[in-house]
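Asks: Sharing a sequence plus its predicted fold:
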Amino acid sequence: HPTMVSSSAASDVYKRQVVKHAVASNQVDAMLLAYSFFQRKGAPKDWLDQFDAVLSLAKAKNVGITVMKTLQGAQGSGAVLKDIGQWEGKKAAAKWALRRPNVDVAVLSLSSTTEIDEMVGISGESMSARDWEVLSRLSEEHTGICPVGCPAPCLGTCPASVAIPDVLRMDMYFSNYGWEKGAMLEYGALARKRTAESCKHCRETRCAKSCSYGLDVKARLVKAHNALTLDLV
């Protein structure tokens, strides 16, 4: 039976290790990975080269690469998308991902036959000057967010071992996707010691100091915890 490996909020280094291990096992037929133009912002200069090098290993073994979160989970892009048109932004982001040499398929959130027809039309299209302009504007708007696929240096600084990327991913589902119930249930399934409850009383600041994007990590975790545990606060 076909086997698929999926990775979204895992740290970048860990994700590369998982991909390498999966490819080397010769038991994986396809992979589903978070992959976005906006992941490059604040990342190491060679991030894209490193990740593409790993994906090329999969390509060499005929492992299919499906990507998701091409618009970074719709984080931080609302104002620009409203200005330029939601479809123009979504198309440009999806087109960029599909034009990458090691990407086979992109998973997109669509809700009507019209949306399907419009997105199918981008298959095989080259990036236009307008596409690059749109991505540039969206990239500027993606300031102050925790990017999907971040290397997560904050993880190693947390004295309480809070599952920081997972907590913020669930908050993204709650705040940006409107999947409130699902996000709360998933958060409730986390081991108690890995939730952000301890962040409310933590005096440690290393998580924020370690953030490549200069984010107030603790404040975001507390906000996420309060939102995801509405029945408890």
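Replies: Looks like it came in fine. What you see is a predicted model, and the numbers here were worked out from it, not measured in a lab.
Asks: CA only for contacts and neighbour counts going forward, please
Replies: Fine.
Asks: what about this structure, any weak spots by pLDDT?
Replies: 1-15, 39-45, 47, 72-86, 140-151, 231-233 (pLDDT under 70).
Asks: on contacts alone, who are the packing partners of whichever strand or helix holds Trp87?
Replies: Element membership of Trp87 [criterion: DSSP states H and E] is helix 86-98. Packing partners of helix 86-98 (3 or more Cα pairs under 8 Å, 6 or more residues apart in numbering; DSSP states H and E): helix 78-84, strand 105-106, helix 129-141.
Asks: buried ones in stretch 201-221?
Replies: Across stretch 201-221, burial judged by 16 or more other Cα atoms under 10 Å covers 206-213, 215, 217-218, 220-221.
Asks: Assumed Glu125 was part of a strand.
Replies: No. When classified by DSSP: H, G, I helix; E, B strand; the rest coil, Glu125 is found to be coil rather than part of a strand.
Asks: residues contacting it?
Replies: Counting by Cα atoms under 8 Å, 6 or more residues apart in numbering, Glu125 touches Lys95.
Asks: Show me the two of the buried residues of stretch 201-221 that sit farthest apart.
Replies: Ser212 and Leu221 (16.4 Å; Cα to Cα).
Asks: And Thr157, how far from Ala189?
Replies: Separation of Thr157 from Ala189 (Cα to Cα, to the nearest Å) stands at 23 Å.
Asks: So if I had to pick from the two, which one is more boxed in?
Replies: Thr157 (17 against 10; other Cα atoms under 10 Å).
Asks: pretty sure the more buried one contacts Arg206?
Replies: Yes. The pair Thr157 and Arg206 passes the contact test of Cα atoms under 8 Å, sitting 5.9 Å apart.
Asks: Show me the helices in the protein, by range?
Replies: Assigned by DSSP state H, the chain shows helices spanning 12-25, 47-60, 78-84, 86-98, 113-120, 129-141, 164-172, 180-189, 206-210, 217-228.
Asks: Among the ones you listed, show me which one is buried the most.
Replies: Mean neighbour count (mean count of other Cα atoms under 10 Å) peaks for helix 164-172 among the helices of the chain, with a mean of 22.
Asks: returning to that earlier point: return the closest of the buried residues of stretch 201-221 with respect to Met68.
Replies: Out of those, the member with the shortest distance to Met68 (by Cα to Cα) is Tyr213, at 21.7 Å.
Asks: Torsion angles phi and psi at that closest one?
Replies: With angles defined as degrees, to the nearest 10, Tyr213 sits at phi -100, psi 0.
Asks: how close does it get to Leu190?
Replies: Taken as Cα to Cα, the span from Tyr213 to Leu190 is 26 Å.
Asks: Could you do Ala219 as well?
Replies: 19 Å.
Asks: what do you get for Ala30?
Replies: From Ala30 to Leu190 the distance is 27 Å (Cα to Cα).
Asks: And for Phe38?
Replies: Taken as Cα to Cα, the span from Phe38 to Leu190 is 28 Å.
Asks: Give the residue from the two that has the larger number of neighbours.
Replies: Remark: of Phe38 and Leu190, Phe38 carries more neighbours, 22 against 14, as counted by other Cα under 10 Å.
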